[in-house]
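Visitor: Dropping the sequence and predicted coords here.
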Amino acid sequence: MIALNAVSHNYENGHRIGFRDWQVDNGSQWLLLGASGSGKTTLLHILTGILKPQQGSVVIDGTSIYDLSSKHLDQFRGRNIGIIFQRPHLIKSLTIKENLIMAQRFANLPTDLSRIQEVLTSLSIADKKNAYPNELSHGQLQRVSIARAVVNRPTLIIADEPTSSLDDKNAAAVLELLINQSGINQATLIVATHDKRVKDAFTNTYELS
Ligand SMILES: Nc1ncnc2c1ncn2[C@@H]1O[C@H](COP(=O)(O)OP(=O)(O)OP(=O)(O)O)[C@@H](O)[C@H]1O
């Protein structure tokens, strides 16, 4: 369970955003909605341990994440949270397989090549494991981002506008893969978007005003 309690953030320029309390049950799937500038990215950064809010707490499965030391928070994030950005942030000089090995290393986990093979196969990109990011299409890269996000079997998968730069066919495919992967891994899924094509796939929504 994730609990957001009395969270608000003040940016240095004085801009303040307050967030309604939110309780997210393990394994549930949520859409995070809000107009441009309403604070979706800010909230995702707060939920993923990237941005410490000035007020309030974020508790993930009993751990108040901002009470952890930065080293433990990095490790917690690497093991428990898979993040998919709008555009894939892969290391260009490494192959797809090596990028996934790095995700295991960052989480202080041993290299597990069979897990990498399993994840790439479930996303139908195992044949690309020795390719470099610049050899893949945008839709394929987005699948690699999902692979990297789920390789450590996170309990929470967070995606920030994962479909907005994709055509209808790839957007539907990426959404289906996200929902499938969260189901396979029994992970909680939170997708932030203002992509109308995504809305029907979710029953739970948290809306920022
Ligand atoms: N580093 C910053 N310093 C000051 N203000 C910021 C900073 N980052 C974001 N903001 C402001 O906080 C508000 C929320 O920004 P945020 O990026 O979270 O919105 P968003 O809902 O993700 O928007 P979009 O859908 O356009 O990406 C905006 O008004 C933005 O201008």
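Guide: Structure's in. What do you need?

Visitor: Which residue ranges of this structure form strands?
Guide: Here the chain has its strands, by DSSP state E, at 2-10, 16-18, 22-24, 29-33, 55-60, 63-64, 81-84, 156-160, 188-192, 204-207.

Visitor: Pipe the ones you listed into CSV and attach mean pLDDT and mean neighbour count per row.
Guide: Heads up, the C-betas are built off the backbone N, CA and C, glycines and all. Compiled in CSV, those are given as follows (pLDDT from 0 to 100; neighbours: other C-beta atoms under 10 Å):
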stretch, mean pLDDT, mean neighbour count
strand 2-10, 96, 17
strand 16-18, 95, 14
strand 22-24, 97, 16
strand 29-33, 94, 21
strand 55-60, 96, 17
strand 63-64, 94, 13
strand 81-84, 92, 24
strand 156-160, 93, 24
strand 188-192, 95, 24
strand 204-207, 94, 13
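
Visitor: need those in TSV with distance to Q140, can you?
Guide: As requested, the strands of the chain are exported to TSV (distance: least, C-beta to C-beta, whole Å):
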stretch	distance to Q140
strand 2-10	30
strand 16-18	35
strand 22-24	30
strand 29-33	24
strand 55-60	31
strand 63-64	34
strand 81-84	14
strand 156-160	17
strand 188-192	20
strand 204-207	29
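
Visitor: could I get these as CSV with distance to the ligand?
Guide: Formatted as CSV, the strands of the chain follow (distance: least, C-beta to the nearest ligand atom, whole Å):
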stretch, distance to the ligand
strand 2-10, 8
strand 16-18, 6
strand 22-24, 15
strand 29-33, 9
strand 55-60, 15
strand 63-64, 22
strand 81-84, 14
strand 156-160, 8
strand 188-192, 7
strand 204-207, 11
